[in-house]
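[1] What follows is a predicted structure for the sequence shown.
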Amino acid sequence: MDILRTPEDGARYLLSLHCEEIKDFSLTPSDGLLRHVEIGGKLIPFPEWRFDPRISALYNYGSECPESISALNVYSFFGRETSLCAAMYRELDIADYILGSPIVKVTAYVSGEASNLIALTESGTALNLELGCTMANGAKNQCNHRLITKRGMACDMVVDTQTVSGMLNVFTSSGDEYSLDAGDIDLYPLDFDDSFRAFGLRAIIGGIVCDDDLIMSDLRSRATLAAALVSAERGESVKVSDLSREQIDAVIRTALSVSGFRTERGAL
């Protein structure tokens with residue numbers, strides 16, 4: 001077997017391992033929010049975070065008894081090279097996935113490269129998201145998703161930890177610290193993140209995940225993001241349904257064109 005170097009390599013290996021058809025595909029560069037998988041000329045959104053086993057575990061926990069979900073609290077911080085717009089889209093899409101109910105109303109506050117969002121889903125679940133792109137360039141995403149239910153709480157981070165842990169933490173003689181994350185044994189030497197990206201690509205290419213579902217969820221998350229951006233500009237709550245598709249596209253296009261997305265009144 002050739003050495004696996006990319007998630008695409010990993011996806012092709014998984015398809016061959018399971019005797020599935022290996023279709024021609026490519027992974028496009030990010031459009032500012034996420035990448036797409038191109039298969040036979042069709043572009044399919046690739047929300048890679050949905051295939052993170054920690055996020056999948058929260059989804060599975062909530063889907064067992066969705067009516068028991070009370071709230072989702074999110075704390076997520078990124079390096080300064082990540083735009084706040086992209087960070088907001090990612091976390092709103094994760095919320096859409098875990099809760100299985102579209103967001104209908106959002107209130108957002110933005111200060112520099114940080115934001116706080118309060119949202120309500122169609123099912124009545126409350127969301128609180130605290131986001132920031134203020135860490136050093138290249139810093140590992142530090143995120144904490146807490147799903148509060150009538151049965152108890154589920155979290156994608158060990159309760160007594162403050163930062164995302166690596167499977168192996170290395171301290172060098174110069175005082176530098178870095179972590180090594182082992183991925184799936186079948187996909188060695190891909191790291192943890194590239195491993196779940198490979199599994200995600202295989203799920204899309206192999207038809208395990210419905211293309212249309214990903215397209216519809218992307219549209220919902222873009223609409224929610226646009227409502228959050230408008231809310232931050234106006235200083236008031238915004239219903240997602242109040243925005244037309246043309247307004248949604250225009251708001252996101254404008255936000256992505258602003259370097260670093262530092263919201264100013266009147267910018268949108």
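    Here it is on my side, so go on.

[2] secondary structure class for residue 219?
    Using DSSP: H, G, I helix; E, B strand; the rest coil, the structure places residue 219 in helix.

[3] ok, now how distant is it from residue 112?
    Noted for residue 219: a distance of 29 Å to residue 112, by Cβ to Cβ, to the nearest Å. Yep, even glycine has a C-beta here, placed from its N, CA and C like the rest.

[4] Likewise for residue 258?
    13 Å.

[5] And for residue 194?
    Separation of residue 194 from residue 112 (Cβ to Cβ): 31 Å.

[6] now swap in residue 3 and tell me
    Taking Cβ to Cβ, one finds residue 3 at 42 Å from residue 112.

[7] Mind telling me what element residue 74 is part of?
    Using DSSP states H and E, residue 74 sits within strand 69-79.

[8] And for residue 96?
    Going by DSSP H and E, residue 96 is part of helix 84-99.

[9] could you give the angle of that helix to strand 69-79?
    150 degrees (axes from the mean of the first three to the mean of the last three Cα atoms, to 10 degrees).

[10] After helix 84-99, which helix or strand is next?
    strand 103-111.

[11] Which residues does that following strand contact?
    Residues outside strand 103-111 that contact it (Cβ atoms under 8 Å, 6 or more residues apart in numbering) are 84, 88, 92, 95-96, 115-122, 127, 220, 224, 227-229, 231-232, 236-241, 263.

[12] Likewise for stretch 227-239?
    Identification of contacts with stretch 227-239 by Cβ under 8 Å, 6+ apart yields 85, 88, 92, 103-110, 115, 117, 119, 240, 242-243, 251-252, 255, 263, 265-268.

[13] Would you mind checking which helix or strand in the chain has the lowest mean pLDDT?
    In the chain, no helix or strand scores lower on mean pLDDT, DSSP states H and E than strand 177-180, which sits at a mean of 54.

[14] could you pull out the strands for the stretch 101-250 of the chain?
    Remark: strands assigned in the stretch 101-250 of the chain by DSSP state E, counting those that start in this stretch are 103-111, 114-121, 126-135, 142-149, 152-155, 168-171, 177-180, 238-239.

[15] hmm, back to that, more neighbours, residue 194 and residue 112?
    Using other Cβ atoms under 10 Å, the more surrounded residue of residue 194 and residue 112 is residue 194, with 22 against 13.
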